[in-house]
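*Asks:* Here is my input; please provide its structure:
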Amino acid sequence: MKRELDNLVTQMHAGGITYAEAVREFKKRFLLEVLAHHRGNQCKAAKELGMHRNTLSRTIVELKLDPSQIRGGLKRPPRSERPVFEVNQAAR
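*Replies:* Next comes the predicted model:
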């Protein structure tokens, strides 16, 4: 993994990416990964990241991330779109 990171840093430097841009992009990717792992739950993600939930929330706003996209992809479909299962009368 260290070799991959070294290669990435070399490519970013050669491509003229500034330090601030690199740090911002890393933060975005890292936070999105942790949020996805916790299905958009900011409390659990903040705990794993070792930060307060309010700090995570502020960082999400600063980086212009949309955590609803993560949660939106994981929500149950509306009742009208759910498959209907018939209950066996004998099972009641």
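
*Asks:* quick one: stretch 33-48 to chain centroid distance?
*Replies:* Distance of stretch 33-48 from the chain centroid (C-alpha atoms, centre = their mean, to the nearest Å) equals 7 Å.

*Asks:* what comes up buried for that stretch?
*Replies:* Buried residues in stretch 33-48, counted by 16 or more other C-beta atoms under 10 Å: 34, 35, 36, 38, 40, 41, 42, 45, 46. C-beta coordinates here come from the backbone N, C-alpha and C atoms, glycine included.

*Asks:* Next one, pLDDT for the most centrally placed residue in the chain please.
*Replies:* Centroid-nearest residue in the chain: residue 32, 2.5 Å away (criterion: C-alpha atoms, centre = their mean). With respect to pLDDT, residue 32 scores 91.

*Asks:* contacting residues around it?
*Replies:* 65, 70 (C-beta atoms under 8 Å, 6 or more residues apart in numbering).

*Asks:* For it, pull up the helix or strand it's in.
*Replies:* helix 19-37 (DSSP states H and E).

*Asks:* After that helix, which helix or strand is next?
*Replies:* Immediately after helix 19-37, counting by DSSP H and E, sits helix 42-49.

*Asks:* now what about that following helix, what contacts it?
*Replies:* Contact with helix 42-49 is made by 31, 34, 35, 37, 38, 52, 53, 55, 56, 57, 60, 67, as judged by C-beta under 8 Å, 6+ apart.

*Asks:* would you turn these into CSV with distance to residue 8?
*Replies:* Formatted as CSV, those follow (distance: C-beta to C-beta, whole Å):
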residue, distance to residue 8
31, 18
34, 19
35, 22
37, 21
38, 25
52, 30
53, 30
55, 26
56, 25
57, 28
60, 24
67, 25
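
*Asks:* Rank those residues by pLDDT and give me only the lowest.
*Replies:* Pick the lowest pLDDT in the contacts of helix 42-49 and you get residue 67, at 69.

*Asks:* Any stretches of the protein with poor pLDDT?
*Replies:* 67, 71-92 (pLDDT under 70).
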